[in-house]
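# whatever this is, show me its structure:
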Amino acid sequence: MRRHLLVRPVVVVGALSLACLAGPASAALAGPDVQAGKPAGKAAPAAQPVQKPPAAKPGAGQAGGAPEDSYSYRAEGRRDPFVSLLNRGTDVRQRKAEGVAGLLAADAVLRGVLLNRGTYLAIVQGPDGKRQYIVHPNDRFADGVVKAISADSMLILQEVNDPLSLTKQREIRKTLRAVEEVK
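Reported below is the predicted structural model:
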């Protein structure tokens, strides 16, 4: 013998049941108490109209007026996302200056040091190996400045042209003789 349960529909009348049955559109009209899941009190407040944000002032974002919220990129040690990774900045090799001003600090080779009236002068050879130049302290290379010349070396302060580098200058020391390693 089988037993069947008899299910009887229960009708609940109230603001909460109407909001559940009708969906979110009627829940918005039912009021804040019904939306929060609280039973309605004695009298449900009337539906409040939705307030729109105030309209922008005319002429604030147009060409006549300056925009209030302008954006400027601050690198703070990170790379600029708008600079191409393939062509990072300008290449100093594009400059065609005559003499020492056209040489890169890395390409210069120190060939000799002269003592002239108490100051040292350097004899520098370019990468082609044909031309030699006499360099004084404070002379400019394409990417640096000669800071000091001693009896056996020359110190160049090179300007780093890499946007990803945190340092903007570095020192390069060119010596007459290769330093021998001690084993």
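# switch to C-alpha atoms for all contacts and neighbour counts from now on
Fine.
# is Ala148 in a bridge, and if so with what?
Leu155 (DSSP bridges).
# helices of this structure, start to end?
15-22, 24-30, 32-35 (DSSP state H).
# for the chain, which spans come out with low pLDDT?
Applying pLDDT under 70 to the chain picks out residues 1-68, 87-96, 179-183.
# domains of the chain?
Annotated domains of the chain cover 11-42, 94-175 [automatic domain parsing].
# contact partners for Arg131?
Gln125 (Cα atoms under 8 Å, 6 or more residues apart in numbering).
# next, give phi and psi for it.
phi -100, psi 140 (degrees, to the nearest 10).
# start the count at 41 instead of 1 going forward.
In the new count, where the first residue is 41, that last one comes out as Arg171.
# separation between it and Leu197?
Distance of Arg171 to Leu197, given as Cα to Cα, to the nearest Å: 22 Å.
# can you check Asp109 too?
Using Cα to Cα, Asp109 is found at 41 Å from Leu197.
# who has more neighbours out of the two?
For Asp109 versus Leu197, neighbours defined as other Cα atoms under 10 Å are more numerous around Leu197 (20 against 7).
# surely the more buried one and Ile212 touch.
Yes - the criterion here is Cα atoms under 8 Å, and Leu197 meets it with Ile212 at 6.4 Å.
# for Gln110, the count of nearby residues, please.
Check again: residue 110 is Ser, not Gln. 6.
# again, but for Arg118
Neighbour count of Arg118, defined by other Cα under 10 Å: 11.
# in this structure it contacts Leu204, no?
Yes - between Arg118 and Leu204 there is a contact under Cα under 8 Å: 7.2 Å.
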